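In: Need coordinates for the below:
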Amino acid sequence: MTTRSCTLLLSLLFWMCGKVAAAQPPIPEAPPPTPQERQCLARGWHRVILPVNGMARELLWKGPEGPWTKGAILIMHGGGGQHYQWCVANVSFLESQVRFSNLALDQGFAVFLLNSTDKVTDQEGRLCGKVWDDEVRDRPNLDLPYIEEIIQVFNPQVRPPGSRKAIFLTGLSSGGYMTVRASTHFDNLITAFAPVSSGDPYGWYRICEKGLSPRKTVFGLGFDRETGKQIIEPDACRRDRYVHERPWESTFPKTKPAFRTFKHEKDGINDLSCSEKVDSLLRRHGYVGEPAFLLKDEGPRSLANHLWQDAYNQPILDFFARQLDKDK
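Out: Purely as a prediction, here's the structure:
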């Protein structure tokens, strides 16, 4: 081959490589930390930006000193919330969430605080606000690749030698719905999960029309597929049969992860019937569950009863620890 031919061939190869490189999406630029994230960083938390499917996904995480003797817990906040609300509480109703993270760290769990996007859309393509992509849609899911990246890639990179490899999921409200969705979708990767104040992601839908709700960070309303009722209504999800479920996702592992649901009987946002529905359906699909943790109250149904409660903290950690004992 002549020198001129070699030069032409090399030029062609460089041109082709340039075309391939140009076709790749750019790595998203990391946004600067918020004041609340800086508060978490001052308390020893680590901030990471993960590029996932062309989006910059935020993560705060912290581990105990030395090996993670209990594994790792992934936490998903409620609709309209933020991941940093589990490492700093600037308002009183968030204090129970921060206490949960601190308890988990003290007892040997690493804690990963995941953050949702504000890009989720409903069936009509309308933005839903800052919520998890927990419904089953005829489009790629925004959050499942992010969760898989944390479990499969990032977690092993930062996990100290000698740590337990167990992965636990928990989340509140929209984060609870996403906990069920992710734990069934990745049921070969999850050790156990504990949805809080949540329901059935395969049997509900959102109408994300602005003006339906007074909330400024979450748009529209949520409805049960069987009854057509808004999930806030009494008995919204109560039916003898569930025939309008979207197909459940599973890897069909030999042993599916254990679960325990946590709820308040006077939840005024996600009716108790909706949590009872997901309890029943998880068992029907082969997930072994401990009896639900149910808080009772003589007062009326309310928003306050929908929020994360201090009474959930140690029972969730005890439930996760019992799953480690089964491995011995």
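In: Please count neighbours and contacts with C-alpha atoms only from this point.
Out: OK.
In: What ranges does the stretch 101-250 of the chain have for its strands?
Out: 109-114, 167-172, 192-196, 204-207, 221-224 (DSSP state E, counting those that start in this stretch).
In: List the contacts of the nearest residue to Thr69 once chain neighbours are set aside.
Out: Excluding the flanking residues, the one nearest Thr69 by CA to CA, 6 or more residues apart in numbering is Gly108, at 5.0 Å. Applying CA atoms under 8 Å, 6 or more residues apart in numbering to Gly108 gives the contacts Gly63, Pro64, Pro67, Trp68, Thr69, Lys70, Gly71.
In: For the first one, give me phi and psi.
Out: If I follow you right, that is Gly63. According to degrees, to the nearest 10, the main-chain angles of Gly63 amount to phi -120, psi 160.
In: how much space between the spatially closest residue to it that is not a sequence neighbour and Glu135?
Out: Among residues not flanking Gly63 along the chain, Ala110 sits closest, at 4.1 Å (CA to CA, 6+ apart). Ala110 sits 28 Å away from Glu135, going by CA to CA, to the nearest Å.
In: Of those two, which one has the most company?
Out: Neighbours were counted for Ala110 and for Glu135 using other CA atoms under 10 Å; Ala110 has more, 28 against 23.
In: does that one have beta-bridge partners, and which?
Out: Note on Ala110: beta-bridge partners by DSSP bridges are Ala72.
In: Mark which of the contacts of Gly108 are buried, thanks.
Out: Applying 16 or more other CA atoms under 10 Å to the contacts of Gly108, the neighbour count classes Gly63, Pro64, Pro67, Trp68, Thr69, Lys70, Gly71 as buried.
In: for Val153, what are its contacts?
Out: Counting by CA under 8 Å, 6+ apart, Val153 has no contacts.
In: pLDDT score for it?
Out: Here the pLDDT value assigned to Val153 is 97.
In: Which one, of the strands of the stretch 101-250 of the chain, ends up nearest to Asp325?
Out: Ranking the strands of the stretch 101-250 of the chain by proximity to Asp325 (CA to CA) places strand 192-196 first, at 12.3 Å.
In: Now find how far off-centre that closest one is within its chain.
Out: 10 Å (CA atoms, centre = their mean, to the nearest Å).
In: rewinding a little: could you dump the strands of the stretch 101-250 of the chain into JSON lines with distance to Thr184 and mean pLDDT added?
Out: Output for the strands of the stretch 101-250 of the chain, formatted as JSON lines (distance: least, CA to CA, whole Å; pLDDT from 0 to 100):
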{"stretch": "strand 109-114", "distance to Thr184": "18", "mean pLDDT": "98"}
{"stretch": "strand 167-172", "distance to Thr184": "11", "mean pLDDT": "98"}
{"stretch": "strand 192-196", "distance to Thr184": "10", "mean pLDDT": "98"}
{"stretch": "strand 204-207", "distance to Thr184": "16", "mean pLDDT": "96"}
{"stretch": "strand 221-224", "distance to Thr184": "19", "mean pLDDT": "97"}
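In: Now distance to Ala321 too, for the ones you listed, in a markdown table please.
Out: Converted to a markdown table, those look like this (distance: least, CA to CA, whole Å):
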| stretch | distance to Ala321 |
| --- | --- |
| strand 109-114 | 10 |
| strand 167-172 | 10 |
| strand 192-196 | 10 |
| strand 204-207 | 31 |
| strand 221-224 | 33 |
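In: and the ones you listed, which is most packed in?
Out: strand 192-196 (a mean of 29; mean count of other CA atoms under 10 Å).
In: what's that one packed up against?
Out: strand 167-172, helix 174-185, strand 258-259, strand 262-264, helix 310-325 (3 or more CA pairs under 8 Å, 6 or more residues apart in numbering; DSSP states H and E).
In: just the angle between it and helix 310-325, please?
Out: Here strand 192-196 runs at an angle of 170 degrees relative to helix 310-325 (axes from the mean of the first three to the mean of the last three CA atoms, to 10 degrees).
In: who touches strand 192-196?
Out: Taking CA under 8 Å, 6+ apart as the rule, strand 192-196 contacts 167-173, 175-177, 179-180, 183, 257-263, 308, 316, 320, 323.
In: What's opposite the spatially most central residue of the chain in the beta bridge?
Out: Among the residues of the chain, the one closest to the centroid is Met76, at 3.9 Å (CA atoms, centre = their mean). Beta-bridge partners for Met76, by DSSP bridges, are Leu114, Gly171.
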